[in-house]
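Engineer: sequence-free structure coming up:
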């Protein structure tokens, strides 16, 4: 017997902070949240790539999400975390200033981004959620990196993604 699929009426998000602003990604893309650890720098990597870490025997690239988004900022504080996400079939770590919660929100409180605020080349911003005390910018991880950047992050071309 076939299961009926209900229309999507809510989102489950992982909320985090970057440069004193609130952002979120779909929780289905998040594999784990871990404390900061030593990151090995990779010569010639894009400026937003911090380097690589050894995650349970696999080399995983780690990017500074604030730098990737062009946000002001410097060193990360004691609450900084690495959020391990799945992008294009590959695990990537993203450094954020802190992770606050996993939250379910109704789609009705999400507004599409204004073209004045987010030009076409920033298509990774998919909306703004109006929570009780704050606005949260929703990011589309699949659009956060272009194809060339995804290839670069595939750890020497041997990553999980197709080249």
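Structural biologist: Right, received. Where do you want to start? Being a predicted model, the structure only gives us computed values, none of them experimental. Numbers count the residues shown, from 1 in each chain.

Engineer: and the longest helix for this structure?
Structural biologist: Longest helix of the chain, by residue count under DSSP state H: helix 147-152.

Engineer: check which residues of it are buried.
Structural biologist: When burial is assessed from 16 or more other CB atoms under 10 Å, helix 147-152 yields the following buried residues: 149-150, 152. (Glycine included, C-beta is placed from N, CA and C.)

Engineer: centre of the chain to it, how far?
Structural biologist: 15 Å (CA atoms, centre = their mean, to the nearest Å).

Engineer: let me see the mean pLDDT of that helix.
Structural biologist: Within the predicted structure, the mean pLDDT of helix 147-152 is 73.

Engineer: re earlier: and which of the buried residues of helix 147-152 is nearest to residue 10?
Structural biologist: Distance to residue 10, by CB to CB, is smallest for residue 150 among the buried residues of helix 147-152, at 28.9 Å.

Engineer: isn't the closest one right next to residue 89, touching?
Structural biologist: No - under the criterion of CB atoms under 8 Å, residue 150 lies out of contact with residue 89, with a separation of 9.5 Å.

Engineer: and the pLDDT for residue 157?
Structural biologist: The per-residue confidence score, pLDDT, reads 42 for residue 157.
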